[in-house]
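Asker: Based on what follows, work out the 3D shape:
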Amino acid sequence: MEQRPFGLGYGNFPAYLRTNVSNPHIQTAFFHAHWLPVQVGLDAGWLGLAGFALLAFSPLIVGLRRALLNKIDKGSLGFAAALAGLLAQGWYEYLLAEISFLIILCVMVWGAWPRETSSEVESSTDQERSVDTAGLGQPTT
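Answerer: Residues are numbered from 1 along each chain as shown. You can find the predicted model right below:
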């Protein structure tokens, strides 16, 4: 990634290995590196790696902050646990070589993003009712 900060491009890893790496003990060029962060960085460069990290870790960070405030729903918590498990597996394997894993990752990121709990929805509805929008001192309905 030092030599190519913008990455090799998706699917160019085997060709790069064949032309730039020579080792008499290596007979086969693999399709991908077996480490998710390295492969995303090689494919998409530093910018792509930063985008992937933001996409994958922001729901986990927001969910953790909401969990510490006791404002997380159980569905998001389950998806966050599954997303954390998928990312842990990606530490030892590149999971995005197949479109099915990409779809699973997207669903987990979407599902892990925290939603408002029912008490938060009721609280915001009560606050909206008590707001004076007309300036007449009367609550709106």
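Asker: any idea how far His32 lies from Phe52?
Answerer: Distance, His32 to Phe52, using C-beta to C-beta, to the nearest Å: 14 Å. Heads up, the C-betas are built off the backbone N, CA and C, glycines and all.
Asker: likewise Thr19?
Answerer: Distance from Thr19 to Phe52, by C-beta to C-beta: 26 Å.
Asker: and Phe6, how far is that from Gly41?
Answerer: 11 Å.
Asker: same deal with Gly111?
Answerer: 26 Å.
Asker: One more: Ala80?
Answerer: 24 Å.
Asker: sec struct for the nearest residue to Leu95 once chain neighbours are set aside, please.
Answerer: Excluding the flanking residues, the one nearest Leu95 by C-beta to C-beta, 6 or more residues apart in numbering is Phe101, at 4.5 Å. Under the three-state scheme (DSSP: H, G, I helix; E, B strand; the rest coil), Phe101 adopts helix.
Asker: Equivalent analysis for Ala80, please.
Answerer: Per three-state DSSP, Ala80 ends up helix.
Asker: okay, it: pLDDT?
Answerer: With respect to pLDDT, Ala80 scores 88.
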